[in-house]
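Enquirer: Next comes the sequence, and after it the predicted model I'd like to discuss.
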Amino acid sequence: MNTMQRLMRGCLVKIGPFLAKRCSCCGVTKEIEKFQDDNSKASGVRSWCAVCMRKADTARRRKPRT
């Protein structure tokens with residue numbers, strides 16, 4: 001499997017001196033530092049980047065209760 005295929009699957013890849021991963025929410029490839037740690041994942045980080053997680057948490061908190 002080549003680097004592009006691994007990246008599209010959401011796996012960690014080395015791009016130059018950086019480790020990168022694709023966010024499964026927004027689809028943007030970002031440096032590994034932009035993801036929160038998660039020891040239960042094989043990669044060691046969450047599948048959504050910190051920005052997407054923050055947006056989802058904000059939207060969830062603003063949701064009106066019925």
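Expert: Looks like it arrived, so ask away.
Enquirer: isn't there a helix covering residue 27?
Expert: No - if the criterion is DSSP: H, G, I helix; E, B strand; the rest coil, then residue 27 is coil and not within a helix.
Enquirer: could you show me where the helices are in the chain, in order?
Expert: 3-8, 50-62 (DSSP state H).
Enquirer: Comparing those by mean pLDDT, which bottoms out?
Expert: Mean pLDDT is lowest for helix 3-8 among these, at a mean of 82.
Enquirer: Can you name the residues in contact with that one?
Expert: Helix 3-8 is contacted by residues 12, 13, 15, 20, 21, 22, 29 when judged by C-beta atoms under 8 Å, 6 or more residues apart in numbering. Any C-beta I mention is one placed from the backbone N, CA and C, and that applies to glycine too.
Enquirer: Any idea how far that helix is from the middle of the chain?
Expert: How far helix 3-8 lies from its chain's middle: 14 Å, per C-alpha atoms, centre = their mean, to the nearest Å.
Enquirer: Now for the chain, the helix or strand with the poorest mean pLDDT.
Expert: The weakest-scoring helix or strand in the chain, judged by mean pLDDT, DSSP states H and E, is helix 3-8 (a mean of 82).
Enquirer: in it, what counts as buried?
Expert: residue 7 (16 or more other C-beta atoms under 10 Å).
Enquirer: Put the alpha carbons of it into PDB.
Expert: The C-alpha trace of helix 3-8 is given here as PDB (Å, rounded to 0.1, in the frame of the first residue of the first chain):
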ATOM      1  CA  THR A   3       1.600   6.500   1.100                       C
ATOM      2  CA  MET A   4      -1.400   8.200  -0.600                       C
ATOM      3  CA  GLN A   5      -3.600   5.100   0.000                       C
ATOM      4  CA  ARG A   6      -2.600   4.900   3.700                       C
ATOM      5  CA  LEU A   7      -3.300   8.600   4.100                       C
ATOM      6  CA  MET A   8      -6.800   8.300   2.500                       C
END
